[in-house]
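J.: Below: sequence and its predicted model.
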Amino acid sequence: MSIKVLYIGDTQVNVQTSSKGIDSWTFTYYSDSAHYLRDALNVAPDIKLEHIRSSEATRDIPSTVDEFKKYDCVILSDLGFNSVNFQPGNTGALKIPMGPDRIQGLHDYVIQGGGFMMIGGWMSFSGIQGKGLWGGTKIEEIMPVTCEPRGVDDRMEITQGYQFQLDDPEHPIVKGLPWDKPYMFLGYNKTHLRNDAHLVASYRGDPQIATRKVGKGRSIICATDVGPHWAGSFLEWPAYAEFWQRMSRWAAGSLS
């Protein structure tokens, strides 16, 4: 069974200013952490992947249920609420309404049978300085976890590194993978498991992988990141690609 996955986020433009005495200069560079997940999913013959960069999200993300239904699974990773909620800006006179309710559209797509995954990062869930802003939204309603309150920085920076505790080692996402091989994460977003969700993996009681059947659809979260720095040496783990392929298949309904 072939599945079509829409992956949004994990890119950024960095602006850096350097100073030497009274002189300074500024330069910019592009960071593409998305290539880790793109590479992992693109090698699977049954997964057809489309990626939207963070800088193009407001313009290119689908806005209606019918547009989302072109995909079996939608992945949001390290991208805040504002970048998804807002519609493209208008030149000249302000257009009211600006456009469809994209958040409602994504919510209804899942309720009607679509798959959704949120992956951790500094702009996921509540996010750095609370700027992710996913708490209290229609997207939080469909997730297997709730976010920290709005305005709360939910980042858990584990400088010494950590590994998953497999709460359900028989779950098809994690079963049979080489967890005995060295791997280490460096951080995650703190969330809270819903009563009707299923906990697959955790760290000190905090959800790391959690799933939920919602309406006719499925939602899943991974609280840590796909790339540096939180993914740590997990990037070198031999089953890195297989892990994310299974996550995507489960969300899309092709892995039970």
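T.: Nice, thanks for sending it over. Residues are numbered from 1 along each chain as shown.

J.: From what I see, residue 58 and residue 81 are in contact.
T.: No - if you go by CB atoms under 8 Å, residue 58 and residue 81 don't touch, sitting 11.6 Å apart. For glycine as for every other residue, the C-beta is placed from the backbone atoms N, C-alpha and C.

J.: helices and strands around the strand or helix carrying residue 12, which ones?
T.: Secondary structure assigned from DSSP states H and E places residue 12 in strand 11-20. Judged by 3 or more CB pairs under 8 Å, 6 or more residues apart in numbering; DSSP states H and E, the packing partners of strand 11-20 are strand 23-32.

J.: now the strand it packs on: how far from the chain's centre is it?
T.: 26 Å (CA atoms, centre = their mean, to the nearest Å).

J.: Equivalent analysis for stretch 24-43, please.
T.: 15 Å.

J.: quick revisit: which one of residue 58 and residue 81 has more residues nearby?
T.: Neighbour tally, residue 58 and residue 81, criterion other CB atoms under 10 Å: the higher count belongs to residue 81, 21 against 18.

J.: Can you name every helix or strand that the helix or strand in which residue 105 is found contacts?
T.: Using DSSP H and E, residue 105 sits within helix 102-111. Packing contacts for helix 102-111, counted by 3+ CB pairs under 8 Å, 6+ apart, involve helix 65-68, helix 81-85, strand 115-119, helix 138-142, strand 217-222.

J.: Quick one: those as JSON lines, columns for distance to residue 1 and mean pLDDT too.
T.: What follows is these, written out as JSON lines (distance: least, CB to CB, whole Å; pLDDT from 0 to 100):
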{"stretch": "helix 65-68", "distance to residue 1": "19", "mean pLDDT": "98"}
{"stretch": "helix 81-85", "distance to residue 1": "28", "mean pLDDT": "97"}
{"stretch": "strand 115-119", "distance to residue 1": "13", "mean pLDDT": "98"}
{"stretch": "helix 138-142", "distance to residue 1": "23", "mean pLDDT": "98"}
{"stretch": "strand 217-222", "distance to residue 1": "15", "mean pLDDT": "98"}
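
J.: would CSV of the ones you listed with distance to residue 157 be doable?
T.: As requested, these are arranged in CSV below (distance: least, CB to CB, whole Å):
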stretch, distance to residue 157
helix 65-68, 33
helix 81-85, 22
strand 115-119, 17
helix 138-142, 23
strand 217-222, 17
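
J.: For residue 74, find the nearest of these.
T.: strand 115-119 (5.5 Å; CB to CB).

J.: What pairs with the closest one, parallel or antiparallel?
T.: strand 73-77 (parallel), strand 217-222 (parallel) (DSSP bridges).

J.: Same list (these) but as CSV, adding distance to residue 228 and mean neighbour count.
T.: Listed next are those as CSV, based on distance: least, CB to CB, whole Å; neighbours: other CB atoms under 10 Å:
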stretch, distance to residue 228, mean neighbour count
strand 73-77, 13, 26
strand 217-222, 16, 25
